[in-house]
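Novice: show me how the following folds:
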Amino acid sequence: MQEPQSQYSQLAGESAGSRALLVATIAWAVLMGAGLVVLGTPPAASETGEQVVAWFSENRDAARWFVWAMTVATPVLAVMIALLRRLIPSPYRDVFLIGGVSWIVSGAVFSWSWGGMALHATALEPAIARAVLDVAVFFGPVFTGTTVTMIAPVTILALQNQAGLPRWIGVWGFVAVVEQAVETITIFGSTGFTQPNGAMNFQLGAGLTIGWLVVFGIWGGLRGRQHYLVV
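Specialist: Numbers count the residues shown, from 1 in each chain. Below is the predicted model:
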């Protein structure tokens, strides 16, 4: 009786790198960087409804350009996640994929709130603006779980020198995962560094996470090998 064929076969001789992954990574980094620069410093969770209305009235175009950048970056990120997934064995690849898809969905919901308030910025009621922004700012705190889901499987493999992943990607990932775990305290924050979508979410956490994903994509585009293929 013939043995069932293995679900995955290893491709030891596969050529290194992927031009599509490298281009997608660079494009995504440019779009995200441009969007964040245009947005500037968003209104904080501690600000009043009147301050939120004033910010959107003054930064309406910036908010809409940010939403545009997030929208255009979505298919590019999807390509990145799909190509990076091929570098990872199961079940790690599946957890990474779930985290990546959740990243895309969460970013879309976040963008809806910003785009909606920017659409009629001058007609916003302070209480409504504050309530809608309260929903949007929890993107950062809740996003920590999505981020850990995406980074952790790659980190585990890299730290164990598996799947051909370099250890330095695992070290960066470990730092990012620890920071994200600590960052869950922003769920309970209200002011200062630990307020929802404040500096801990929007600067420290986002910087570590985006940086990790970019260097992982660049490494995969230049040096990564497709180790596993569904057969």
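
Novice: okay, Arg64 and Gln180: tell me how far apart.
Specialist: Arg64 sits 29 Å away from Gln180, going by CB to CB, to the nearest Å. Bear in mind the C-beta positions are built from the backbone N, C-alpha and C, glycine included.

Novice: try Pro196
Specialist: 14 Å.

Novice: quick one on the thing from earlier: more crowded one of Arg64 and Gln180?
Specialist: Gln180 (22 against 16; other CB atoms under 10 Å).

Novice: so where does the more buried one fall, helix or strand?
Specialist: Per DSSP states H and E, Gln180 falls inside helix 167-183.

Novice: which strands and helices lie in contact with that helix?
Specialist: If contacts are counted by 3 or more CB pairs under 8 Å, 6 or more residues apart in numbering; DSSP states H and E, helix 167-183 sits against helix 139-159, helix 206-222.

Novice: and Thr25, backbone torsions?
Specialist: Taking degrees, to the nearest 10, you get phi -60, psi -50 for the backbone angles of Thr25.

Novice: model confidence for the residue nearest to it when sequence neighbours are not counted, exactly?
Specialist: Nearest non-adjacent residue to Thr25, counting by CB to CB, 6 or more residues apart in numbering: Gly217, 3.1 Å away. Listed pLDDT for Gly217 reads 96.

Novice: begin at 59 from here
Specialist: All set: I'll call the first residue 59, so the last point we hit is now Gly275.

Novice: and Gly275, what is it in contact with?
Specialist: 79-80, 82-83, 86, 138, 142 (CB atoms under 8 Å, 6 or more residues apart in numbering).

Novice: redo those as JSON lines? Include pLDDT.
Specialist: As requested, the contacts of Gly275 are arranged in JSON lines below (pLDDT from 0 to 100):
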{"residue": "Leu79", "pLDDT": "95"}
{"residue": "Leu80", "pLDDT": "95"}
{"residue": "Ala82", "pLDDT": "96"}
{"residue": "Thr83", "pLDDT": "97"}
{"residue": "Trp86", "pLDDT": "97"}
{"residue": "Met138", "pLDDT": "96"}
{"residue": "Leu142", "pLDDT": "95"}
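
Novice: quick one, strands of this structure?
Specialist: 66-68, 286-288 (DSSP state E).

Novice: residue ranges with poor pLDDT in the chain?
Specialist: Residues of the chain meeting the criterion pLDDT under 70: 59-75, 282-289.

Novice: where is the longest helix in it?
Specialist: helix 150-177 (DSSP state H).
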